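Visitor: Okay, structure incoming, though there's no sequence with it:
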């Protein structure tokens, strides 16, 4: 299963229009990704607003994605606060034709490592679909240890681990990825997330990039991913450096989601104010800076 | 409305039995609180597992509470990740006969102060029910500032602010409460949470104690609350000091929820393993310590 869990996995937004999923915009984003030729599409990740959607909305979004993705594999985020709800989302994803599921250990009460291990055990026992482990403390408020990666990776069905980023220094990043690699089976891929770290992460040995901007701007993401695949590490780092004004917006504007949504809105790929409330999205002043960066970097 | 939002507000668990709300246990806990004479009951707080329950489960739990609480006011937690879901929970709470709603700014994507302000604005514009502001960064991952308290307190319908605790030193606690008091209208009560801080918080000027243990062990909570009300501050501090073994368990065992659930299970007030998965609850070894503390402190 390694092949499917490598390369560029693009995370599209789930745009809302007046608190209802905008299905046309959603389908448009999926088709844009398949045309661009991403290696896989992961819907209902953090970028896909899964945490905010109802079970029927999630089932519908998963089905629409598979219907419009052609031969591109679709992975579906199944995270929820309660285990039984996670299992329902897994069933919906399977019914929709997902090629795999991605599981974030969402938390309200802080979770222990045993809580999280048992969650992954329950899901891998419940489904034959491959499972991506989603590690993103900024949203789940749970921090994995390498030991816990190892315990979970020993479960049948675990296909990939999405790590939250890598250290910016390449040698340190290599050591970080190698340490995780040393405790998990070879068939499990390691995927970097945190787009500003992606070029470094891929060069450092991650097989996959779970990409937020790849879901809206597949071209620059593919430029980076293909460069590393083809051994042109310097080209990947150069493209990532060129995108520095975008990475700056991520850190200034509370992460990648609001910025990516504003870019999609600016490019007409999503209706205005497409994020679920209470997330207000960016101010008019902030949107002017977004527009300037979009023009500067030639995004379309 | 101040009177209703003062004194001891008890937060009962919502026990599950095999992933289904145990209605008998739930009603038993409510009746235990009304018999003990708490000033109010807040259901579907963090302790009531609201974040884990479906909308129909929440509506049912709110209705059961009001039906069995007699003349004791019932406040209902309405927090959810999406604003439209919060408004639905408010409608359910109103239909159930709630005397007020408590709103936690739950987050998945980190929220900005403006996001949170607009959430409270939307809720106070939507309902005539009084609203308790719930500030608990350990679960919501949002940190209020005093400025934001002031902005939200100026909205019509805000009745009380539940603060996460107070500094342990009494003079520092007094200054902390006075600072909040100075920026909010006099009609709005300040309620302390974090049970180990409660005696200090009440003495420092909080009008309310939003209490986890009060929802399962109302007697010792009332001992503290009544002592402060009657000017016997030393008695309140002495009772809180007597409960130190319980507070130690809270800090050792990831907060109050797992400990309180284990106490309720030990006392036969809830079925075994009553918390929603993925929360595993305490180990057998930890439960032995719980049982020893229950015996030592004479809880029943």
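Guide: Right, received. Where do you want to start? Predicted model only: the values in this text are computed from it and were never measured.
Visitor: Name the residues of chain A found near chain B, please.
Guide: Within reach of chain B by CB under 8 Å from any CB of the partner chain, chain A has these residues: A:19, A:46, A:51-54, A:81-85, A:105-106, A:108-112, A:114-116, A:118-119, A:122, A:138-139, A:141, A:254-255, A:257, A:276-280. In short, each C-beta sits where N, CA and C put it, glycine included.
Visitor: Output the contacting helices and strands for the lowest-mean-pLDDT helix or strand in chain A.
Guide: Ranking every helix and strand in chain A by mean pLDDT, DSSP states H and E puts helix A:137-140 at the bottom, with a mean of 94. On a contact count with 3 or more CB pairs under 8 Å, 6 or more residues apart in numbering or on different chains; DSSP states H and E, helix A:137-140 meets no helix or strand.
Visitor: Need the residues that contact that helix.
Guide: A:46, A:51, A:79, A:104-107, A:134, A:143, A:164, A:255, B:108-110 (CB atoms under 8 Å, 6 or more residues apart in numbering or on different chains).
Visitor: Which is the succeeding secondary structure element to it?
Guide: Proceeding N to C from helix A:137-140, the next assigned helix or strand is helix A:146-153, under DSSP states H and E.
Visitor: What is the lengthiest strand in chain A packed up against?
Guide: Using DSSP state E, we find that the single longest strand of chain A is strand A:158-163. For strand A:158-163, the packing partners by 3+ CB pairs under 8 Å, 6+ apart come out as strand A:100-103, strand A:131-134, helix A:146-153, strand A:189-192, strand A:208-211.
Visitor: Which of these has the highest mean neighbour count?
Guide: Across those, averaging neighbours per residue (mean count of other CB atoms under 10 Å in any protein chain shown) puts strand A:208-211 on top, at a mean of 30.
Visitor: Residues contacting that strand, please?
Guide: Strand A:208-211 has contacts (CB under 8 Å, 6+ apart) with A:5-11, A:42, A:45, A:132, A:160, A:162, A:189-193, A:195, A:198, A:201-202, A:221, A:224-225.
Visitor: That one: partners in the sheet, and parallel or antiparallel?
Guide: Within its sheet, strand A:208-211 is paired with strand A:7-10 (parallel), strand A:189-192 (parallel), according to DSSP bridges.
Visitor: any chance of those in CSV, plus distance to residue B:156 and mean pLDDT?
Guide: Converted to CSV, those look like this (distance: least, CB to CB, whole Å; pLDDT from 0 to 100):
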stretch, distance to residue B:156, mean pLDDT
strand A:7-10, 45, 98
strand A:189-192, 48, 98
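Visitor: count of residues packed around the residue of the stretch 101-250 of chain A at minimum distance from chain B?
Guide: At 3.7 Å from chain B, residue A:108 is the closest residue in the stretch 101-250 of chain A, using CB to the nearest CB. Residues within reach of residue A:108, counting by other CB atoms under 10 Å in any protein chain shown, total 26.
Visitor: OK, contacts around the residue nearest to it when sequence neighbours are not counted?
Guide: Spatial nearest neighbour of residue A:108, excluding adjacent residues (CB to CB, 6 or more residues apart in numbering or on different chains): residue B:51 at 3.7 Å. Residue B:51 is in contact with A:81, A:108, A:109, B:79, B:106, B:139, counting by CB under 8 Å, 6+ apart.
Visitor: pretty sure residue A:104 contacts residue A:77?
Guide: Yes - counting by CB atoms under 8 Å, residue A:104 touches residue A:77, with 6.8 Å between them.
Visitor: higher neighbour count, those two?
Guide: The residue with more neighbours, out of residue A:104 and residue A:77, is residue A:77; 29 against 25, by other CB under 10 Å.
Visitor: number of nearby residues for the closest residue to that one other than its chain neighbours?
Guide: Spatial nearest neighbour of residue A:77, excluding adjacent residues (CB to CB, 6+ apart): residue A:44 at 3.7 Å. As a burial measure, residue A:44 scores 31 neighbours (other CB under 10 Å).
Visitor: Likewise for residue A:3?
Guide: Taking other CB under 10 Å as the criterion, the count of residues near residue A:3 is 10.
Visitor: would it count as being in a strand?
Guide: No - using DSSP: H, G, I helix; E, B strand; the rest coil, the assignment for residue A:3 is helix, not a strand.
Visitor: Pull up the per-residue confidence for it.
Guide: If you check residue A:3, the pLDDT there is 86.
Visitor: wait, doesn't residue A:29 sit right on residue A:216?
Guide: Yes - with contact defined as CB under 8 Å, residue A:29 counts as touching residue A:216 (7.1 Å).
Visitor: shared neighbours, these two?
Guide: By CB under 8 Å, 6+ apart, the residues touching both residue A:29 and residue A:216 are A:12, A:13, A:264, A:269.
Visitor: Compare those residues and tell me which has the most neighbours.
Guide: For those, neighbours were counted by other CB under 10 Å; the highest total belongs to residue A:12, with 31 neighbours.
Visitor: List the contacts of that one.
Guide: Counting by CB under 8 Å, 6+ apart, residue A:12 touches A:26, A:29, A:30, A:33, A:41, A:43, A:47, A:48, A:65, A:215, A:216.
Visitor: Okay, and which of the residues you listed map to helices?
Guide: Counting by DSSP state H, these place A:26, A:29, A:30, A:33, A:65 in helices.
Visitor: and the nearest residue to the last one once chain neighbours are set aside, how many neighbours?
Guide: Spatial nearest neighbour of residue A:65, chain neighbours left out: residue A:43 (4.4 Å); criterion: CB to CB, 6+ apart. With neighbours defined by other CB under 10 Å, the count for residue A:43 comes to 31.
Visitor: isn't residue A:43 right up against residue A:74?
Guide: Yes - between residue A:43 and residue A:74 there is a contact under CB under 8 Å: 6.3 Å.
Visitor: Need the residues touching each of these two.
Guide: Shared contacts of residue A:43 and residue A:74 (CB under 8 Å, 6+ apart): A:62, A:65.
Visitor: rewinding a little: go ahead and confirm the residue nearest to residue A:77 touches residue A:50.
Guide: Yes - using CB under 8 Å, residue A:44 is in contact with residue A:50, at 3.8 Å.
Visitor: Common neighbours of the two, please.
Guide: A:14, A:58, A:77.
Visitor: which one of the residues you listed sits closest to residue A:181?
Guide: Distances from residue A:181 to the shared contacts of residue A:44 and residue A:50, taken as CB to CB, are shortest for residue A:77 (24.3 Å).
Visitor: Report the beta-bridge partner residues of that closest one.
Guide: Those that pair with residue A:77 in a beta bridge, by DSSP bridges, are residue A:102.
Visitor: give the contact list for it.
Guide: Residue A:77 neighbours (CB under 8 Å, 6+ apart): A:42-46, A:48, A:50, A:89, A:101-104, A:134.
Visitor: Helices of chain A, start to end?
Guide: For chain A, the helices defined by DSSP H occupy A:23-36, A:55-68, A:83-96, A:113-126, A:137-140, A:146-153, A:170-181, A:198-203, A:218-229, A:233-242, A:244-252, A:256-266, A:284-297.
Visitor: now the third one against helix A:113-126, angle please.
Guide: Put simply, helix A:83-96 runs at 30 degrees to helix A:113-126, going by axes from the mean of the first three to the mean of the last three CA atoms, to 10 degrees.
Visitor: Return the distance of helix A:83-96 from the chain's centre.
Guide: Mean-position distance between helix A:83-96 and its chain equals 18 Å (CA atoms, centre = their mean, to the nearest Å).
Visitor: and what of the first one?
Guide: Computed by CA atoms, centre = their mean, the chain-centroid distance of helix A:23-36 equals 16 Å.
Visitor: Equivalent analysis for the fifth one, please.
Guide: Between the mean C-alpha location of helix A:137-140 and the chain-wide mean there is a distance of 13 Å, by CA atoms, centre = their mean.
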